[in-house]
Structure formats: C-alpha cells, structure tokens
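J.: below is the structure, and that's it, no one-letter string:
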C-alpha cells in the first residue's frame, strides 16, 4: 500500500469518527454550510492565475490549502448527508 493511500484511509477513518459525533442538527448545519464570499472570490482569483500558469509559490501553497480544506468540508458534508439518510444509525 502506498503512503498516500494509507494516509487517505486514515483520514477517512478520522472523518468517520468525527461524523459519528453529529447530531441531526449539526449534520443539517454542516450540509447547509456554504463558502464565505471572500474565500470564494480568492479561490476564483487563484484558479484563474493557476490556469494561466502565473501563481507564485506562496499563492500555489495557498491555493492547494484552500482546495484541501474545501475537499475536507465536502467530505464531512457527504458524511453528514449519510448520517441523516433513512436507515442510518442514530
């Protein structure tokens, strides 16, 4: 197993543990969470620069971090949706 696969598996296990703490109310709040307008604007700016190949090293790190955090939030939202699905464990 590659290190990146092992890390992804461990992250999923951690996020599963986190999702088990969701009440119906917190799960719904997480599902409804939307990106802040300023963050979304910054992502668009960095995305445009990335597409043009003009990111500085600092901007590239910032963009990568924002993408990773967005992925993390999206994964938690998916787990929250599953938690609220009919037949899901309470």
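T.: Received the coordinates, thanks. Only a predicted model underlies this, so the values are computations on that prediction, with no experimental measurement involved.

J.: for the helix or strand harbouring residue 13, list every residue counted as buried.
T.: For residue 13, the host element (DSSP states H and E) is helix 3-19. Buried positions in helix 3-19, judged by neighbour count with 16 or more other CB atoms under 10 Å: residue 19. The C-beta positions use only the backbone N, C-alpha and C, and glycine is treated the same way.

J.: and the helices in this protein, which stretches?
T.: Assigned by DSSP state H, the helices in the chain fall at 3-19, 24-32, 37-51, 57-84.

J.: output those helices as JSON lines; include the columns mean pLDDT.
T.: Putting these into JSON lines (pLDDT from 0 to 100) gives the following:
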{"stretch": "helix 3-19", "mean pLDDT": "86"}
{"stretch": "helix 24-32", "mean pLDDT": "95"}
{"stretch": "helix 37-51", "mean pLDDT": "97"}
{"stretch": "helix 57-84", "mean pLDDT": "95"}
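
J.: spatially central residue in the protein, please.
T.: Taking CA atoms, centre = their mean, the centroid of the chain lies closest to residue 72, which sits 2.2 Å from it.

J.: and residue 67, how far from residue 57?
T.: 16 Å (CB to CB, to the nearest Å).

J.: before we move on, the earlier item: and the angle from the helix holding residue 13 to helix 24-32?
T.: 130 degrees (axes from the mean of the first three to the mean of the last three CA atoms, to 10 degrees).

J.: relative orientation of helix 3-19 and helix 57-84 in degrees?
T.: Going by the same axes, to 10 degrees, helix 3-19 makes 50 degrees with helix 57-84.

J.: helix 3-19 - contacts with which helices or strands?
T.: Packing partners of helix 3-19 (3 or more CB pairs under 8 Å, 6 or more residues apart in numbering; DSSP states H and E): helix 57-84.

J.: which secondary structure elements does the helix it packs on sit against?
T.: Secondary-structure packing of helix 57-84 (3+ CB pairs under 8 Å, 6+ apart): helix 3-19, helix 24-32, helix 37-51.

J.: now the angle from it to helix 37-51?
T.: Using the same axes, to 10 degrees, helix 57-84 lies at 120 degrees relative to helix 37-51.

J.: next, the buried residues of helix 57-84.
T.: Buried residues in helix 57-84, counting neighbours by 16+ other CB under 10 Å, are found at 63, 66, 76, 77, 79, 80, 83.
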